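1. make a model of this:
(one chain, ligands or ions: 1)
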Amino acid sequence: MSAKSTTLDRERIRTMSQRELERYNKATPRSAAMYERARKTLARGIGSSYQWREPWPVYLKEGKGSHLWDIDGNEYLDYLNGFGSMVQGHAHPAIVKAIQEQVLHGQQFSEPVEDGVIVAEELARRWKLPKWRFTNTGSESTMDTIRIARAVTGRDVVMKIFGSYHGHHDYVMVSVPGNYGDFGPRDDYGSFPYGAGIPQAVVDMTVAVPFNDLDAMERRLEKLKAQDRVPACMIMEPAMMNIGIVLPEPGYLEGVRELTKKYGVLLIFDEVKTGLTVAPGGGTEYFAVMPDMVALAKSLGGGVPCGAIGGSEEVFAEVENFNVWQVGTFNGNPLAMAAAKATLFEILTAEGYEHLAKVRQRLADGCTAVIEKHDLPAYTVTLGAKGCVTFTEQKVVDYQSYCDYQDAEMMDLAWLYEANRGIYAAPGRDQEFTISVQHSLEDADRYAEVFGEMAAELTA
Ligand code: PMP
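-> The predicted model follows:
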């Protein structure tokens, strides 16, 4: 980060964005037509509200390795990678083989299978947490860990990080990124529902504290204690992954661990994004801080919906003695287990992680070189298979600083500019890129090259 970066010409950003939007609209007429057809029956033409983009969604057709094709035949290098759920890359031969073989022997029994035992053993080895269960999505994983925490502690309040996303169930659709105006004092942030339909009683049960701020967290815990509302758990990502990437400051996670122990609050690491993509044992291994429970999903199933929760003997006793019903028709189904087994034993091996680190670093170094060459007010952040360019010269350490500093117009321009040149980046201002084991150094260079073209035009 340089203190004397180029001041970007706002008018030029807007002119370039408009031009790139028109160009992209012209390149996606079949998506436009599909949207007209889809919106008649499929609400807003999409299967999940996060798939929306103005003026119409892009409908995809094929993925192979690091490449994607949309229904207009546009080819992209995929850096969205299913919101970080395809660190295997598309149609990885080991995943294809595992699924094909399993399908021939039945894909759903609602009864346990050996592959599930093998996957649980491997997750226990990687996370050094003894007990595991399966789910199908990240939302189910965070929901189940919170329920277990409530059962273990006999308390209702959930503490989370302001601006973090943990899935779409009511307990955590509170104080995620949104337009809330003033959040309130740092040690007494308000609780804000994300969209309609979330009961106020549930909203009030979820309190949020700023990331990277142990003092604010301790003051909030003191206040809650005085109100006889000590939380059941603190659920957090070890590194924030829904506002670009915000890394924990040195000592922060250790401090959270100490505070949670001091107040008898269970610590849940939501590793839906960090797990498997950051290190073999996720953020837990990478940052060397042990939570009481972890929630996994996304990349575990290589494209087959699959999640898992892990924890200590003590917390899982509540599941084992049937006090907590941790259940689901599709939990641990043979198809998901076959894909997860192939992921853990054939793809995300030591060599797999080495490759991911090499390609991610090449990409990040390429972007950093562009930033330096053009004195852009931006910096790169990396973690495992993930990284991002954060457009500001101020360091973003939490959601407040993200709102104050991050340049939303630049994020929008970057997406369009890249899409028009064959790079499918994460949409919106709050995501990061994910590479896969099938991305090459040349793929990384192409990303940096396009970023460089945009920077040159912006600063010419
Ligand atoms: N936790 C985190 C950190 C996430 O990023 C997400 C999804 N982006 C979820 C939970 C929810 O996962 P899912 O969409 O599979 O329910």
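
2. and the helices in the stretch 251-400 of the chain, which stretches?
-> 252-263, 282-287, 313-320, 334-342, 350-373, 399-405 (DSSP state H, counting those that start in this stretch).

3. ok, which of those helices comes nearest the ligand?
-> For the ligand, the closest of the helices of the stretch 251-400 of the chain is helix 282-287, at 10.5 Å, according to C-beta to the nearest ligand atom. Heads up, the C-betas are built off the backbone N, CA and C, glycines and all.

4. so which other helices or strands are in contact with that closest one?
-> helix 114-127, strand 266-270, strand 293-296 (3 or more C-beta pairs under 8 Å, 6 or more residues apart in numbering; DSSP states H and E).

5. now these as CSV including mean pLDDT and distance to the ligand?
-> Putting the helices and strands packed on helix 282-287 into CSV (pLDDT from 0 to 100; distance: least, C-beta to the nearest ligand atom, whole Å) gives the following:
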stretch, mean pLDDT, distance to the ligand
helix 114-127, 98, 16
strand 266-270, 98, 5
strand 293-296, 98, 7
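
6. so where's this structure shaky on pLDDT?
-> 1-4, 428-429 (pLDDT under 70).

7. what residues does it put near the ligand?
-> Residues of the chain lying near the ligand by C-beta under 6 Å from any ligand atom: 83, 137-139, 142, 165-167, 237, 241-242, 270, 272-273, 297.

8. for the ligand, what is the nearest residue in the stretch 1-150 of the chain?
-> When scored by C-beta to the nearest ligand atom, the stretch 1-150 of the chain has Gly138 as its residue closest to the ligand, at 2.2 Å.

9. burial count for that residue?
-> 26 (other C-beta atoms under 10 Å).

10. what's the answer for Thr15, then?
-> Neighbour tally, Thr15, other C-beta under 10 Å: 12.

11. Leu413 versus that one, what's the distance?
-> Distance, Thr15 to Leu413, by C-beta to C-beta, to the nearest Å: 10 Å.

12. quick check: neighbours shared by these two?
-> Between them, Thr15 and Leu413 share no contacting residue under C-beta atoms under 8 Å, 6 or more residues apart in numbering.

13. how does the protein divide up, domain by domain?
-> Listed by automatic domain parsing, the domain ranges of the chain are 10-91+350-459, 95-347.

14. who wins on neighbours among the residues of the chain next to the ligand?
-> Busiest of the residues of the chain next to the ligand [other C-beta under 10 Å] is Lys273, holding 32 neighbours.

15. show me the contacts for Gly138.
-> His166, Gly167, Asp270, Val272, Ala295, Leu296, Ala297, Lys298, Gly307.

16. is the fifth one in a bridge, and if so with what?
-> When bridges are assigned using DSSP bridges, the partners listed for Ala295 are Asp270, Ile309.

17. residues near it, how many?
-> Using other C-beta under 10 Å: Ala295 sits among 30 other residues.

18. contacts only, for whichever residue of the stretch 251-400 of the chain sits closest to the ligand.
-> Closest contact between the stretch 251-400 of the chain and the ligand, by C-beta to the nearest ligand atom, is at Val272 (3.5 Å). Neighbour list for Val272: Gly138, Ser141, Thr142, His166, Gly167, Glu237, Ala295, Leu296, Ala297, Lys298, Gly307 [criterion: C-beta under 8 Å, 6+ apart].

19. tell me which two of the residues you listed sit farthest apart.
-> Glu237 and Gly307 (14.9 Å; C-beta to C-beta).

20. if we can go back for a sec, redo the helices and strands packed on helix 282-287 as CSV? Include distance to Leu344.
-> Listed next are the helices and strands packed on helix 282-287 as CSV, based on distance: least, C-beta to C-beta, whole Å:
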stretch, distance to Leu344
helix 114-127, 5
strand 266-270, 18
strand 293-296, 11
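
21. pull the residues that contact stretch 60-76.
-> Contacts for stretch 60-76 (C-beta under 8 Å, 6+ apart): 27-31, 34, 58-59, 77-78, 86, 89-91, 419, 422-424, 435-436, 438-440, 443.

22. no wait, stretch 37-49
-> Met34, Tyr35, Trp52, Trp56, Pro57, Tyr59.
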